[in-house]
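I'd like to go over a predicted model; first the sequence, then the structure.
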Amino acid sequence: MKIENHVTLEFPSRSANEGFARTAAACFAAQLDPTLEEVNDIKTAVSEAVTNAIVHAYPDTLGKVVVKLRIKEGHALEIVVKDWGVGIADVEQARTPLFTTGSEERSGMGFTIMESFMDTLKVRSAPGKGTTVTMARKIARRAGR
Amino acid sequence: MPVTCREDKRHLTARVAGELDHHGARTVMEELDRRIDQAQPSQLTLDLSGLTFTDSSGIAVLLRAHRRMGQVQGSMRVVNTPDQAGRVFQAAGLERIIRFE
């Protein structure tokens, strides 16, 4: 599908960047004229994916996180969150609600939230190589706009 | 990520404001733990009216406070949940465990 606009963010896996990444995604998505609910869904899904990269991909080090935002033909936003960290051995297990390898402040609901707030979610991962999360959300065109 | 608390007899009200994500979750959890341990309340009311954003970190914070209140034989309710946070909690099925009013 044709990409109509895109932006790439790159930052180290510091937790302070979680807020930056979701806010940047919301700003970029604004050109699709989303509703407040759609913007919030995008922010929430980006926050989950970026937090996963920060918490799980690089448990003891700082590493690179890349977020690609693309506006595709058909009024859809695609979000790719990529890291080069430890990877996930069993993606299916990681996507199970309440499953977490994190500490107490993780709920194990990250992928469940991403799945319910986005139209599609793909997770590609290999141990030792990193993880790529690709998700998309179609933004409804509203009459009179 | 400020938490402001008010105590009235054995009723503790905690207001959580700002954006609650993984970056700030630990601080909020520790503050709530500390206040619950100090006050030993029979009821905790979590007021989320000032919460401008949360993700699954908010789920972990609520579950932890709920568990902590159980340990001191108290109950917990959550009030003034904004729409965005409500959608997150609903996606996790949190209303089956926690009382939202």
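That came through, no problem.

who in chain A is up against chain B?
Contact residues (C-beta under 8 Å from any C-beta of the partner chain) of chain A with chain B: A:15-16, A:18-19, A:22, A:37, A:40-41, A:43-44, A:47-48, A:51, A:54-55, A:97, A:104-110, A:112-113, A:116-117. Where you see a C-beta, it was placed from the backbone N, CA and C, and this is true even at glycine.

From the residues you listed, list just the buried residues.
A:15, A:18-19, A:22, A:40-41, A:43-44, A:47-48, A:51, A:54-55, A:97, A:105-110, A:112-113, A:116-117 (16 or more other C-beta atoms under 10 Å in any protein chain shown).

What segments of chain B are strands?
Shown for chain B, the strands assigned by DSSP state E span residues B:3-8, B:11-16, B:18-20, B:43-47, B:51-54, B:75-79, B:99-100.

Tell me if stretch B:14-29 is near chain A.
Yes: under the criterion of C-beta under 8 Å from any C-beta, chain A is reached by stretch B:14-29 at B:19, B:21, B:22, B:23, B:25, B:26, B:29.

how many other residues sit next to the fourth one?
For residue B:23, the tally of surrounding residues (other C-beta atoms under 10 Å in any protein chain shown) stands at 19.

Quick check: which element contains the residue nearest to it when sequence neighbours are not counted?
The shortest distance from residue B:23 to any non-neighbouring residue, by C-beta to C-beta, 6 or more residues apart in numbering or on different chains, is to residue A:15 (4.0 Å). Of the helices and strands defined by DSSP states H and E, none includes residue A:15.

Could you pull up the residues touching residue B:68?
Residue B:68 is in contact with B:32, B:33, B:36, B:37, counting by C-beta atoms under 8 Å, 6 or more residues apart in numbering or on different chains.
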